[in-house]
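**Student:** Here is a sequence together with a model predicted from it:
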Amino acid sequence: MAEVVFDEASRIYTPGATPAVDKLSLTVNDGELVVLVGPSGSGKSTALRMLAGLEPIDAGHLRIDGRDVVDVASKDRDIAMVFQSYALYPSKTVRDNMAFPLKMRGMDKAEQAKRVNEAAEILGLTEYLDRKPKALSGGQRQRVAMGRAIVREPRVFLMDEPLSNLDAKMRVQTRAQIAGLQNRLDVTTVYVTHDQVEAMTMGDRVAVLRDGKLQQYATPSELYDRPVNAFVAGFIGSPAMNLMDLQRSGDGVTLGGSTLPLTREVADAAGSADTVTVGLRPEDLSLTSEGDGIKAVVDVVEELGSESYLYAHMAEHPDTTLVVRGPGRTRVRYGETIAVRVDPDAVHAFDASSGERLAS
Amino acid sequence: MAITTERGSTTTSSAPVDDGPRRTSRTGPVLLTTLTWILGIGFFFPVLWMVLTAFKTEGDAQSSPPTFVFTPTFEQFRTVFDAGIGPYLANSLGATVISTLLVLLLAIPAAFALSMRPVEKTQDVLFFFISTKMLPVVAAIVPIYVVVNDIGLLDNIWTLIVLYTAMNLPIAVWMMRSFFLEVPSELLEAATMDGASLARTLREVVLPIISPGIFATGLICVIFSWNEFFFAVNLTSANAGTMPTFLVQFVTSQGLYFAQLSAAATLAALPVIIAGWVAQNKLVQGLSFGAVK
Ligand SMILES: Nc1ncnc2c1ncn2[C@@H]1O[C@H](COP(=O)(O)OP(=O)(O)OP(=O)(O)O)[C@@H](O)[C@H]1O
Ligand SMILES: [Mg+2]
């Protein structure tokens, strides 16, 4: 159990190049599960590996339980990691794989066996203990990798995209399993994924990274409700938030011929800017039969059963596209014109040039 | 010649096993199978002929056209043993085994460093290693002779051991490096995080993975040093002579003794063929390491 603090920690692979992780400041509380999420190349793995001691920290500090670990070797940090490729030792049985970290710490045989058996029990691996990794399915290998991490009872768990080699169904199952296990063991965990759904469902808090810089660090609901910039707004949520640069007109902005009102605060924050980036989540848009809705022409209908997503473009501005959530078993078809109603309380507004959220 | 022998035996013995069950009624596979057989027999024929000749009398061996039908005799082998093959065999064994062990001992750590911890000049070092193989040995023999003579190590088996080690080291480093490169770096990182020291990681994690590669490299070194002739003939005589120099005895100015030569060559090739045979499974695994993973 431990508290992890990144304090302006940076990693610069090649001198002169942009840092892979740029002055990351982040506190992970004891027992918390924090997810690092971001697009490919955003520095998630690098940040995790800095914590693991597999990458040096070129600037700044990293503290575990108040102790600066910048110069502490990986094996002395008491951290266990689940690798994306699982990194199981191919020549060892599942039992020996899981016992390896204990053996390296000189634990006595009986205690080793006890811990391995317990972990195998928890993870449903008991019957596979004598197999080699080669003879296991992807999901089983993943669990062995988890097992090897939990037998050590480390202070911190690290996981780098541990589910990316599983099929969609397994991923959802294992996701819940990991979250459950983490809750039960109550071990501080840092989890890396590029999948925002994983991030939202698993994380106590989520850190969104982009180009090595922390964009926002908040609870899933706060990320969803109050993204700090257009990047986070577009990254979190599926399908993605509709982001449109719209012309100001009076107190609002013009959208498809009608005016979308902006709150006083937003209007003040926007100042004299001509355009504002407006964000509308598909689920905050609804179909209306009234004449006052925004007119849009449907390009694609995605029917999911319980709901549907309509991909459409503005009737008057074909360049402006929009995703609208519709009811399940919708009768709307390709090419139809729909009227869309916007929930005025759900409008997100961002500065058109900097992308920063307007008003708090 | 003996190197071809070794490869030949590997090719032919695996070909029928692999291609037999795959035979179907279509002409493509049949053609391929036939071609493989022809190629395999083509490789193997010289070896077969050598072994057959070893059991002939000199008369049968020299007959024209060559004959397959003859009364086998052990006479040639007797002559070869009478000529004193023992010390030569012992020298070859010593030089081969010790130099191969030395090569592996040096090449494995070197290759590990060059593959797992590459630095800026790694490529240069690799080139530097292999560049020694680009120099014709003939060009080096005079200085080597002078040095060896000066330190009084002519006709000494340790001279050959040192030279064979140096000769095989570059190839072994290159080969081992390619095997190390196949080991995922995450495995090493996992071992580090699990608290294993470098030595422990090497022994418990890396070596089991690359053991086929070590085997393949070792076998290549064995073959090369077993069949090495140039250094042996120039730097040794009665005391430290190896099998290839023993074979030369049978190529005399009074004429070629084909049958005797064949008997001696068969005996010379036997240990390598046996080693290759035993190693075959491991070797094939080793050489197709990338595909298996
Ligand atoms: N060993 C390295 N040498 C140089 N640059 C590197 C190295 N590893 C990563 N980088 C760079 O650092 C940046 C961050 O990489 P990182 O692997 O942390 O991204 P990531 O967020 O994990 O991406 P992904 O989702 O693709 O795994 C990238 O621009 C990458 O090119
Ligand atoms: Mg990554």
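**Tutor:** Yep, that arrived. No experiment lies behind these values; they were computed from the predicted model shown. Ligands and ions are numbered 1, 2, ... in the order given.

**Student:** so which residue of the stretch 151-300 of chain A comes closest to ligand 1?
**Tutor:** residue A:194 (4.4 Å; C-beta to the nearest ligand atom). For the C-beta atoms, the positions are set from N, CA and C on the backbone; glycine is no exception.

**Student:** Find the closest residue to ligand 1 in chain B.
**Tutor:** Counting by C-beta to the nearest ligand atom, chain B gets nearest ligand 1 through residue B:185, at 9.9 Å.

**Student:** and that residue, what are its phi and psi?
**Tutor:** Phi and psi for residue B:185, reported as degrees, to the nearest 10, are phi -70, psi -20.

**Student:** For residue A:85, see how far away the nearest residue to it once chain neighbours are set aside is.
**Tutor:** Spatial nearest neighbour of residue B:185, chain neighbours left out: residue B:116 (7.3 Å); criterion: C-beta to C-beta, 6 or more residues apart in numbering or on different chains. Using C-beta to C-beta, to the nearest Å, residue B:116 is found at 17 Å from residue A:85.

**Student:** Please report the average pLDDT across stretch B:89-102, rounded to a whole number.
**Tutor:** Stretch B:89-102 shows an average pLDDT of 95 in the prediction.

**Student:** How about stretch A:53-71?
**Tutor:** pLDDT averaged over stretch A:53-71 gives 94.

**Student:** Stretch B:202-211 now?
**Tutor:** Per-residue scores along stretch B:202-211 average to 89.

**Student:** do the same with stretch B:155-167
**Tutor:** So the average pLDDT for stretch B:155-167 ends up being 95.

**Student:** what does stretch A:337-346 give?
**Tutor:** pLDDT averaged over stretch A:337-346 gives 89.

**Student:** Now do the contacts for the residue nearest to residue B:185.
**Tutor:** When contacts are counted by C-beta atoms under 8 Å, 6 or more residues apart in numbering or on different chains, residue B:116 touches B:180, B:183, B:185, B:188.

**Student:** buried residues in stretch A:231-244?
**Tutor:** Within stretch A:231-244, the residues that qualify as buried by neighbour count (16 or more other C-beta atoms under 10 Å in any protein chain shown) are A:231, A:232, A:233, A:234, A:235, A:236, A:237, A:241, A:242, A:243, A:244.

**Student:** And stretch A:82-89, by the same measure?
**Tutor:** Burial within stretch A:82-89, assessed by neighbour count using 16+ other C-beta under 10 Å, is assigned to A:82, A:83, A:84, A:85, A:86, A:87, A:88, A:89.

**Student:** export these to CSV and tack on secondary structure and distance to residue A:154?
**Tutor:** Below are these laid out as CSV (DSSP: H, G, I helix; E, B strand; the rest coil; distance: C-beta to C-beta, whole Å):
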residue, secondary structure, distance to residue A:154
A:82, strand, 11
A:83, coil, 15
A:84, coil, 18
A:85, coil, 20
A:86, coil, 17
A:87, coil, 16
A:88, coil, 18
A:89, coil, 18
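
**Student:** Provide a complete list of residue ranges assigned to strands in chain B.
**Tutor:** B:251-252, B:255-256 (DSSP state E).

**Student:** Same check on the stretch 101-250 of chain A?
**Tutor:** A:156-160, A:188-193, A:205-210, A:213-218, A:242-249 (DSSP state E, counting those that start in this stretch).

**Student:** Deepest-packed of the ones you listed, please.
**Tutor:** strand A:188-193 (a mean of 26; mean count of other C-beta atoms under 10 Å in any protein chain shown).

**Student:** partners of that strand in the sheet?
**Tutor:** strand A:33-37 (parallel), strand A:156-160 (parallel) (DSSP bridges).

**Student:** what's the single longest helix in the chain?
**Tutor:** Using chain A. Using DSSP state H to define each element, chain A has its longest helix at helix A:168-185.

**Student:** The chain in question should be chain B.
**Tutor:** Chain B, longest helix under DSSP H: helix B:85-116.

**Student:** For it, buried residues please.
**Tutor:** By 16+ other C-beta under 10 Å, the buried positions in helix B:85-116 come out as B:85, B:88-89, B:91-92, B:94-96, B:98-100, B:102-104, B:106-108, B:110-116.

**Student:** same question, stretch A:171-182
**Tutor:** Residues A:171, A:174, A:175, A:177, A:178, A:179, A:181, A:182 are the ones in stretch A:171-182 that count as buried (16+ other C-beta under 10 Å).

**Student:** which residues sit against that stretch?
**Tutor:** A:33, A:122, A:139, A:142, A:146, A:150, A:157, A:159, A:162-163, A:166, A:189, A:191, A:198, A:201-202.

**Student:** can you pull the contacts of the residue of chain B found nearest chain A?
**Tutor:** As assessed by C-beta to the nearest C-beta, chain A sits closest to residue B:208 within chain B, at 3.4 Å. Residues in contact with residue B:208 (C-beta under 8 Å, 6+ apart) are A:89, A:90, A:91.

**Student:** you'd agree the first one is up against residue B:187?
**Tutor:** Put plainly, it is residue A:89. Yes: the pair residue A:89 / residue B:187 is scored as a contact, 6.9 Å apart, by C-beta atoms under 8 Å.

**Student:** Now do the shared contacts for those two.
**Tutor:** Shared contacts of residue A:89 and residue B:187, counting by C-beta under 8 Å, 6+ apart, come down to residue B:205.

**Student:** Low-confidence stretches in chain A?
**Tutor:** A:1, A:290, A:360 (pLDDT under 70).

**Student:** Where does the prediction get shaky in the stretch 1-150 of chain B?
**Tutor:** B:1-26.

**Student:** Let me see the ranges of the helices in the stretch 1-150 of chain A.
**Tutor:** A:44-52, A:94-104, A:109-123, A:138-150 (DSSP state H, counting those that start in this stretch).

**Student:** The third one and chain B, are they touching?
**Tutor:** When you say that, I think you mean helix A:109-123. No: Helix A:109-123 lies out of reach of chain B by C-beta under 8 Å from any C-beta of the partner chain, never closer than 12.8 Å.

**Student:** picking that back up, between the strands of chain B, which one is nearest to residue A:133?
**Tutor:** Among the strands of chain B, the nearest to residue A:133 by C-beta to C-beta is strand B:251-252 (55.6 Å).

**Student:** I would like the residues contacting the closest one, please.
**Tutor:** Contacts of strand B:251-252 (C-beta under 8 Å, 6+ apart): residue B:261.

**Student:** swap in stretch A:114-131?
**Tutor:** Residues contacting stretch A:114-131 (C-beta under 8 Å, 6+ apart): A:93-95, A:98-99, A:102, A:107, A:136, A:140, A:143-144, A:146-147, A:150-151, A:153, A:181.

**Student:** Would you write a ChimeraX line that selects the buried entries of those residues?
**Tutor:** Under the burial definition 16+ other C-beta under 10 Å, those of these that qualify are selected in ChimeraX by:
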select /A:93,94,95,98,99,102,107,136,140,143,144,146,147,150,151,181
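
**Student:** hang on, the earlier thing: from the buried residues of stretch A:82-89, which two are the most distant?
**Tutor:** Top of the distance list for the buried residues of stretch A:82-89 (C-beta to C-beta): A:84 and A:89, 16.2 Å.

**Student:** Any idea how many residues pack against the closest residue to residue B:75 other than its chain neighbours?
**Tutor:** Nearest residue to residue B:75, sequence neighbours excluded (C-beta to C-beta, 6+ apart): residue B:57, at 6.7 Å. Neighbours of residue B:57 under the rule other C-beta atoms under 10 Å in any protein chain shown: 15.

**Student:** same thing with the one 4 residues further on?
**Tutor:** The tally of other residues near residue B:61 (other C-beta under 10 Å) stands at 23.

**Student:** what about stretch A:152-163, how long is it end to end?
**Tutor:** Stretch A:152-163 has an end-to-end distance of 21 Å (C-alpha to C-alpha, to the nearest Å).

**Student:** chain center to that stretch, what's the gap?
**Tutor:** 16 Å (C-alpha atoms, centre = their mean, to the nearest Å).

**Student:** Now for the closest residue in space to residue A:41 that isn't next to it in sequence: which residues touch it?
**Tutor:** Leaving aside its sequence neighbours, residue A:41 sits nearest to residue A:211 (C-beta to C-beta, 6+ apart; 7.7 Å). Applying C-beta under 8 Å, 6+ apart to residue A:211 gives the contacts A:18, A:22, A:41, A:42, A:43.
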